[in-house]
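>>> here are the coordinates; sequence isn't available:
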């Protein structure tokens, strides 16, 4: 299909198949290990069953963190001097990073329910006038 702009016909561009542009993460490098650790920590924060939306947000957060780290390296290499463009990009990515973290949720995940043994132990400790487990076990069989 051809598009027309000012009478000039040119072919339309098709959108790329994968619109997500990601930085490949190499786990052998320090930055890759840190990115994988951040991803694991965020997924742990979300609990055992994050939604696909939450997983996508985690991936976006990791990508933003990698981009910020690249700009940090550029700032160090430049002796602490950022161009105006780099400064604007850094601030935009930094704000996006913080907003994404807030959208993901700042609350800690719910505590895991206690195990059966913990629940039973807590129940014994809370029961008023409850005899210790050894005494109840012996008294169930009658007097000695």
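That came in fine, so what should we check first? Predicted, not measured: the structure shown is a model, and the values here were computed from it. Numbering: from 1, shown residues only.

>>> Domain boundaries for the protein, per the record?
As recorded under automatic domain parsing, the domains making up the chain are 20-104, 113-144.

>>> For residue 45, see how far away residue 89 is.
Residue 89 sits 27 Å away from residue 45, taking CB to CB, to the nearest Å as the criterion. For glycine as for every other residue, the C-beta is placed from the backbone atoms N, C-alpha and C.

>>> Residue 121 now?
According to CB to CB, residue 121 stands 28 Å off from residue 45.

>>> what helix or strand does residue 36 sit in?
Assigned by DSSP states H and E, residue 36 falls within helix 30-46.

>>> by contact count, what packs against that helix?
Packing partners of helix 30-46 (3 or more CB pairs under 8 Å, 6 or more residues apart in numbering; DSSP states H and E): helix 52-77, helix 84-104.

>>> Rebuild those as TSV, extending it with mean pLDDT and distance to residue 32.
Shown next, in TSV, are these (pLDDT from 0 to 100; distance: least, CB to CB, whole Å):
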stretch	mean pLDDT	distance to residue 32
helix 52-77	91	9
helix 84-104	92	18
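
>>> Identify, out of those, the most deeply packed stretch.
Burial of the helices and strands packed on helix 30-46 is given as mean neighbour count (mean count of other CB atoms under 10 Å); helix 52-77 ranks first at a mean of 15.

>>> coming back round to it: can you check which of the domains of the chain gets nearest to residue 9?
Among the domains of the chain, domain 20-104 comes nearest to residue 9, with 29.4 Å by CB to CB.

>>> sorry, back to before: taking helix 52-77 as reference, get the angle to the helix holding residue 36.
Using axes from the mean of the first three to the mean of the last three CA atoms, to 10 degrees, the inter-axis angle of helix 30-46 relative to helix 52-77 is 150 degrees.

>>> from now on call the first residue 661
Shifting the count to begin at 661 puts that one at helix 690-706.
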